[in-house]
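# no sequence on this one, just coordinates:
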């Protein structure tokens, strides 16, 4: 009899492990842009049965992407949800549109994604869920344009986040022109800069690769990774070297892979492990 | 009533999570050395209730160390056991003595640690536990001298392991003389080379930094990490660069920290995550 | 008879080659500092027999040094003079005092060495000798603190120089604190900053390693070298990498040696060869 | 009258400086290959009027090239001859054919260029001219395939040369396959390896990038340069890093430019300056 009970419990526990996190899709009003955008939110299974507050990871998509990329494009469709469950972290995937670069456009009211992601989405999430509604329970990361975005928002808002990451990050907006044709770059940047293409100096002013002193002053835990076959590897290596030279603490990993969803699926578990340790050190973990 | 049952089950499940892995200490007879040495084995909690076969991670200690270092010296005394539980992996910590460097001494029968760790310990473990008794369920890593050992044994025995790692590895035996005094180095190496100190060429012939072609031929998944304040960082960087130059796949991480137990405790979870993914890809995981 | 004439001529020509440049020591009034300082000037042998205008190389000394270091401290006492002769270049060695760093002190009237070297010395030299009195015939280099000085003055005064160099340059004033004790650094910097030690931000604002964008905008030919055993190698490597990353043209050499006069004597001929080619391309050479 | 004589002498001396070195073209019988090949020899103007012995620089051409490339392809047609005159060095440019890589083919008698250049050409030159007929007066350098050749011959024949150089060297034969198509590589290597294309291991065994220990043992002065826009830059950087890591003395320069004759004309004067200093230190200079 005891054996049967144990077996049942074991099955029950396994079913816990197998069960998936729930995903909400929120409509979020942006006052700054005067329009409504969406965010996907992966809620760990344990959340419904708990009364506690949960830490939140903001997970940004890349260029040409949208809020639900991380749920639709990973080879294993369950990748993000499994991590939300495993670490008991709410994972928020806000809309960043095709080429916002997560900055506030100097000219276009329609593209105010720094304000949207760092203020409006955060307020909505903290108002909707039982979150740890302060920096000790908030981290941010992303891929490619979203890796830039996560580093950019975190370095400018150290009051909001306790840790930041980048996967295959476009860390040097100043060099995007070298990688794409002039016409292609200008087309990309219309969303941010409007009809007048940005000067190199403007691009440079938004590039995290040039903000090493600010990163040093903030001293925020950071995790940066890049595939050795990624076309963005040189700017990531350069950012790493500058951080090392200036003695700015950070985790930096090079691993096999290129600018692909297989790579990002491989990279994400290490990033979430990193953030879970910061949350734990902050007393922000759900056990 | 249903609520109470669920709560009880929840408590029970939590107790599963909180319960610690069991640790065995084995006496292992070495025919090669004609003496008996010990190994600690962390057995995941789930093992006792299972009939399945488990993957095994061999975890080597550093110079001046012993088989139970990983259990006694981490700031969190539970660090290794928690990982055995979390990933359902048997973790074996064999004796490597103070300066064996995990090689077979060319002169001393008393120091045959390549044979001991890669043959005799493996046979004993596979004969004692329900292991996946082939390379698909076997990985090896270690710290400092043990990082060297893990890379050295894996590159020479690709039939035995499916993955290898190094934390703060002493990857270049040829440069140890540059880091320590002549007298100190020679004293260290008496255990391996006996009364006649090794030539630089002998040391070099055992250094994994010079075996890039073999690593390339083996094409085994590898994870290498090093603290930016570690006195061994230059040889780790050089090994990474050579692997990148020769297009040998590997994960390489630099993170904050030095040659300390705090660093190794920080590094180990990333290494075990890496091995768990290889085991999973090999169909060797316990769910 | 013909043979004897030829021999005589040959001897005469050889005597030309063997004859040494003349060295003047000038007293130069600094209006900015309200005091008089010295400069040594090596005049090529050919100058006296010529009516043409000569290009000028400004050659700066290092910390704890003085205007005549380059004449007194090289193992071969004739090193600078021989190069003046060989390339028909006037070589000017101005006083930079022990720790001026060749900047204009923000607080001390007594330490205005940017103005002194780039304005007052240049005016005096152009007023005293048949120089090519414009940027096409003017280059600047130096060792250690003087390597910093040469890069610093050239990047801020691209109207004055056509080329710049650095030997073992102290290119990152922001890191000098890491290399010397706090007390020693503050003592050193009294000469520039007075009683209140400079903040890290102040030091950083004078460091050429942080001025890559300006170097890029100027696009001036540059030659930078460093010994592999020099304690300043990391900042020189970092400067080189930043220049490469930002595609700023420059010659960069690592060679055997440390922070010694033997090294600088070895390095100088390559630097002067470099400048002679720029002068030649500018039509500023004396044949 | 005295003035007129002086003027005449001055004109005469200038005409000395302006007059060009003489170039011989030698037919050199190769016993090893059983055929006759050519070499160009630039003889300094001073040679005819001297009875002394001269140092010799061997200067190798690149792939798809021939013995007279260095005389015909530099933008300034006088570049090599001017350096022979300026430094009083005999410069020998032997035939290396399109793809010999200056090695002795393991299979083809017709391609024995290691023997030809290092033994047969040297014997012919020492038999024909007043040379310093030992290693103290002999150096070797080259461009691209010839940079490889110079490093390869010097590391294998330290008895023959006192210094070696490489400009834009193809230092890693093992990676040539990565840069060219399979078909193109195999076509190239027919000249060396015949109908059966070489294995990667064979190519690797001839690559100087893998011979760092030999270079260290020889301890020969070396000068290596590469243009930052050269397609061979990665293998040159890797070779430099390995030499630095193993503490092998060498000069290493990165400068503006690509794989072009303009680059090689720019680089050669620094190389010859380097060799002239080694000759001088050896007592092998002609004053």
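Happy to help now that I have it. All values reported here derive from a predicted model rather than from experimental measurement.
# the stretch 151-287 of chain A: helices as residue ranges?
Under the criterion DSSP state H, counting those that start in this stretch, the stretch 151-287 of chain A contains helices at A:176-179, A:182-193, A:200-205, A:212-218, A:233-245, A:261-281.
# give me the contacts around the first one.
Identification of contacts with helix A:176-179 by C-beta atoms under 8 Å, 6 or more residues apart in numbering or on different chains yields A:170, A:185, A:188, A:200, A:203, A:231-232. No exception for glycine: its C-beta is placed from N, CA and C like everyone else's.
# now do stretch A:98-108, average pLDDT.
In this model, stretch A:98-108 carries a mean pLDDT of 94.
# got the buried residues for that stretch?
A:99-105, A:108 (16 or more other C-beta atoms under 10 Å in any protein chain shown).
# low-confidence ranges in chain A?
A:1-19 (pLDDT under 70).
# residue numbers of it in contact with chain C?
Residues of chain A found near chain C (C-beta under 8 Å from any C-beta of the partner chain) are A:204, A:213, A:234-235, A:238, A:241-242, A:245.
# out of these, which is most surrounded?
Neighbour tally across the residues of chain A next to chain C (other C-beta atoms under 10 Å in any protein chain shown): the maximum, 26 neighbours, falls on residue A:235.
# neighbours around the closest residue to it other than its chain neighbours, how many?
Nearest non-adjacent residue to residue A:235, counting by C-beta to C-beta, 6 or more residues apart in numbering or on different chains: residue A:172, 4.0 Å away. Look at residue A:172: counted by other C-beta under 10 Å, it has 25 neighbours.
# next, find the distance separating residue A:172 from chain D.
Using C-beta to the nearest C-beta, to the nearest Å, residue A:172 is found at 18 Å from chain D.
# quick revisit: need the helices of the stretch 151-287 of chain A in a markdown table (columns: distance to residue A:251).
Below are the helices of the stretch 151-287 of chain A laid out as a markdown table (distance: least, C-beta to C-beta, whole Å):
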| stretch | distance to residue A:251 |
| --- | --- |
| helix A:176-179 | 25 |
| helix A:182-193 | 29 |
| helix A:200-205 | 26 |
| helix A:212-218 | 13 |
| helix A:233-245 | 10 |
| helix A:261-281 | 6 |
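# to residue D:31, which of the ones you listed lies closest?
helix A:233-245 (50.6 Å; C-beta to C-beta).
# quick one: contacts for residue A:36?
Shown in contact with residue A:36 (C-beta under 8 Å, 6+ apart): A:27-30.
# for residue A:44, what are its contacts?
By C-beta under 8 Å, 6+ apart, the neighbours of residue A:44 are A:21, A:54, A:84-85, A:87-90, A:286.
# nearest spatial neighbour of residue A:141, skipping sequence neighbours?
Nearest to residue A:141 is residue A:165, by C-beta to C-beta, 6+ apart, at 3.2 Å.
# please disregard the earlier target; I meant residue A:214.
residue A:155 (5.1 Å).
# for residue A:237, same thing?
That would be residue A:226: by C-beta to C-beta, 6+ apart, it lies 7.6 Å from residue A:237.
# for chain C, see how far away the one you found is.
Using C-beta to the nearest C-beta, residue A:226 is found at 15 Å from chain C.
# show me what that residue is bridged to.
Beta-bridge pairing for residue A:226 (DSSP bridges): residue A:254.
# my read: it touches residue A:238, true?
No. Contact criterion C-beta atoms under 8 Å: residue A:226 and residue A:238 do not qualify, at 10.9 Å.
# now, the contacts of residue A:44 that are in strands?
residue A:90 (DSSP state E).
# any buried residues in the host helix or strand of residue A:40, and which?
Element membership for residue A:40 (DSSP states H and E) is strand A:35-43. Residues of strand A:35-43 classed as buried by neighbour count (16+ other C-beta under 10 Å): A:37, A:39-43.
# and the residue of the stretch 51-200 of chain A that's closest to chain B?
residue A:86 (9.3 Å; C-beta to the nearest C-beta).
# what about that residue, how many residues nearby?
16.
# and residue A:119, what does it touch?
Residues residue A:32 are the ones in contact with residue A:119 under the rule C-beta under 8 Å, 6+ apart.
# would it count as being in a helix?
Yes. The assignment for residue A:119 by DSSP: H, G, I helix; E, B strand; the rest coil puts it in a helix.
# quick check: end-to-end length of stretch A:97-114?
Taking C-alpha to C-alpha, to the nearest Å, stretch A:97-114 runs 12 Å from one end to the other.
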